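S.K.: Structural data only, the sequence is not supplied:
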């Protein structure tokens, strides 16, 4: 059986790699930081102009009509360059459930703008009242166009720029709803937060925020299915970004250890360094294999709960080991905030915590295995 990527998939990977490598440089990221900005708008626009933002959007809405594999190839390159763009939030957490569960009117309203890079969307999945994103504590009452939703969510990325935030909630009878909430509407309050990696995040507080039947994603009775679909693909997307981060951190470490000399020889010739980098290489391959296995099963519409749990475990555990090894091999340079590796370490840690950490992931995997 041939597990290699197709010619089109390889072309997509190389194009995204070229675009992001050329634009998202260390200098450009430092320039953004000096300006107090985070969003790399030029990179986002160039991906839109290259027709890469619509990889998984149906063709009738201007997209390429491809699948998760192509989207994860893009996310891998986002991680490899630690590009500060809303690829995960907009292309995965919003566009995918919109394309799968949205009404014709919802798709017409948002998907074309996403493909063109004009519309940013996000998702509120860190519920202040529940540790389980599949069990929302927010409460909604939707009655025609006069509905309201109340809830509190933290760590919502790009909420200040988003046209809509995808918000999970429960109806009065306990049914799960997935709602498209306008972050600028009455009854919505945004409070600034900051991620582990310095990324601007937002506390999203909803106090009888307006929602109507036209804002329900998935329709009656499909909210739970739509939420599971969103959470699974968001977790996979995080694993793909984390894989890209670890892959690049390993590449940087291998180059550095081959150039850095002590006692007149490259430190790569030292047994301790060689073993540490070798272990990191094995970890990166484990991240790669587990992520693509989960991706394939989701892309085929198969149950991927166990495979996703394995991918999450390696993204958190192995990912943390890789960036820690990279820092240690780099010595003092690895802890210098002005050196690019520091950005990879902090972004990796941010994603690790977002996924829930190793112990929680292992506990979930154990429950799945025991079923």
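M.R.: In hand now; what should we look at? If you're wondering where the values come from, they're calculated on a predicted model, not measured in any experiment.

S.K.: what's the distance between the spatially closest residue to residue 353 that is not a sequence neighbour and residue 80?
M.R.: Nearest residue to residue 353, sequence neighbours excluded (C-beta to C-beta, 6 or more residues apart in numbering): residue 196, at 6.2 Å. No exception for glycine: its C-beta is placed from N, CA and C like everyone else's. The gap separating residue 196 from residue 80 is 19 Å, by C-beta to C-beta, to the nearest Å.

S.K.: Between those two, which is the more surrounded one?
M.R.: residue 80 (23 against 16; other C-beta atoms under 10 Å).

S.K.: sorry, back to before: assign the residue nearest to residue 353 to one of the three secondary structure states.
M.R.: Of the three states, residue 196 takes coil according to DSSP: H, G, I helix; E, B strand; the rest coil.

S.K.: could you check the distance from it over to residue 176?
M.R.: From residue 196 across to residue 176, the span is 29 Å (C-beta to C-beta).

S.K.: next one: residue 35
M.R.: Distance, residue 35 to residue 176, by C-beta to C-beta: 41 Å.

S.K.: Who has more neighbours out of these two?
M.R.: A side-by-side neighbour count of residue 35 and residue 176, using other C-beta under 10 Å, places residue 176 first with 21 against 8.

S.K.: ok, the more buried one touching residue 221?
M.R.: No: the criterion here is C-beta atoms under 8 Å, and residue 176 misses it with residue 221 at 9.7 Å.

S.K.: List the contacts of the nearest residue to residue 162 once chain neighbours are set aside.
M.R.: What sits nearest to residue 162 in space, not counting adjacent residues and going by C-beta to C-beta, 6+ apart, is residue 122, at 4.4 Å. Contacts of residue 122 were listed using C-beta atoms under 8 Å, 6 or more residues apart in numbering, and they are 86, 89-90, 93-94, 156-159, 162, 165-166.

S.K.: Now the buried members of those residues.
M.R.: Neighbour-count burial (16 or more other C-beta atoms under 10 Å) applied to those gives 86, 89-90, 93-94, 156-159, 162, 165-166.

S.K.: Name the surrounding residues that touch whichever strand or helix holds residue 169.
M.R.: Per DSSP states H and E, residue 169 falls inside strand 164-170. Contacts to strand 164-170, defined as C-beta under 8 Å, 6+ apart, come from residues 93-94, 97, 110, 121-125, 127, 133, 136-140, 149, 151, 153, 156, 159, 176-183, 204, 206, 217, 223, 227, 230.

S.K.: Pull the residues that contact stretch 323-341.
M.R.: Residues from elsewhere that reach stretch 323-341, judged by C-beta under 8 Å, 6+ apart: 26, 245-246, 249-250, 252-253, 256-257, 260, 267, 273, 276-277, 279-280, 342, 344-345, 348-349.

S.K.: Which positions within the top helix by length along the chain qualify as buried?
M.R.: In the chain, assigned by DSSP state H, the helix with the most residues is helix 223-259. Within helix 223-259, the residues scored as buried using 16+ other C-beta under 10 Å are 223-224, 226-227, 229-250, 252-254, 256-257.

S.K.: Strands of the stretch 51-200 of the chain, start to end?
M.R.: Per DSSP state E, counting those that start in this stretch, the stretch 51-200 of the chain carries strands over the ranges 121-123, 126-127, 139-141, 147-157, 164-170, 176-181, 188-194, 200-211.

S.K.: State the mean pLDDT of the fifth one.
M.R.: What it means is strand 164-170. Averaged across strand 164-170, the pLDDT comes to 97.

S.K.: Next, the angle from that strand to strand 200-211.
M.R.: Angle, strand 164-170 to strand 200-211, by axes from the mean of the first three to the mean of the last three C-alpha atoms, to 10 degrees: 70 degrees.

S.K.: ok, and for strand 164-170, which residues are buried?
M.R.: Judged by neighbour count using 16+ other C-beta under 10 Å, the buried positions of strand 164-170 are 164-170.

S.K.: for the stretch 101-250 of the chain, what are the low-confidence residue spans?
M.R.: Low-confidence segments of the stretch 101-250 of the chain, defined by pLDDT under 70: none present.

S.K.: Kindly reformat the buried residues of strand 164-170 as CSV containing distance to residue 103.
M.R.: Listed next are the buried residues of strand 164-170 as CSV, based on distance: C-beta to C-beta, whole Å:
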residue, distance to residue 103
164, 14
165, 18
166, 14
167, 17
168, 18
169, 18
170, 21
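
S.K.: Quickly name whichever of those is closest to residue 355.
M.R.: residue 168 (17.7 Å; C-beta to C-beta).

S.K.: now the closest one, which residues is it bridged with?
M.R.: Bridge pairing for residue 168 (DSSP bridges) gives the partners residue 178.

S.K.: And the helices in this structure?
M.R.: Here the chain has its helices, by DSSP H, at 7-23, 26-34, 41-49, 68-80, 95-101, 104-115, 223-259, 271-299, 305-313, 319-330, 340-355, 358-370.

S.K.: For residue 58, which of those is the nearest?
M.R.: Closest to residue 58 of the helices of the chain is helix 95-101 (C-beta to C-beta; 5.8 Å).

S.K.: name the helices or strands packed onto that closest one?
M.R.: Applying 3 or more C-beta pairs under 8 Å, 6 or more residues apart in numbering; DSSP states H and E, one finds that helix 95-101 contacts helix 104-115, helix 223-259.

S.K.: For residue 364, which of these is the nearest?
M.R.: helix 223-259 (10.8 Å).

S.K.: Distance from the closest one to the middle of the chain?
M.R.: 8 Å (C-alpha atoms, centre = their mean, to the nearest Å).

S.K.: same thing with stretch 349-358?
M.R.: For stretch 349-358, the separation from the chain centroid amounts to 11 Å (computed by C-alpha atoms, centre = their mean).

S.K.: And for stretch 109-116?
M.R.: Centre to centre, stretch against its chain (C-alpha atoms, centre = their mean), the figure for stretch 109-116 is 19 Å.
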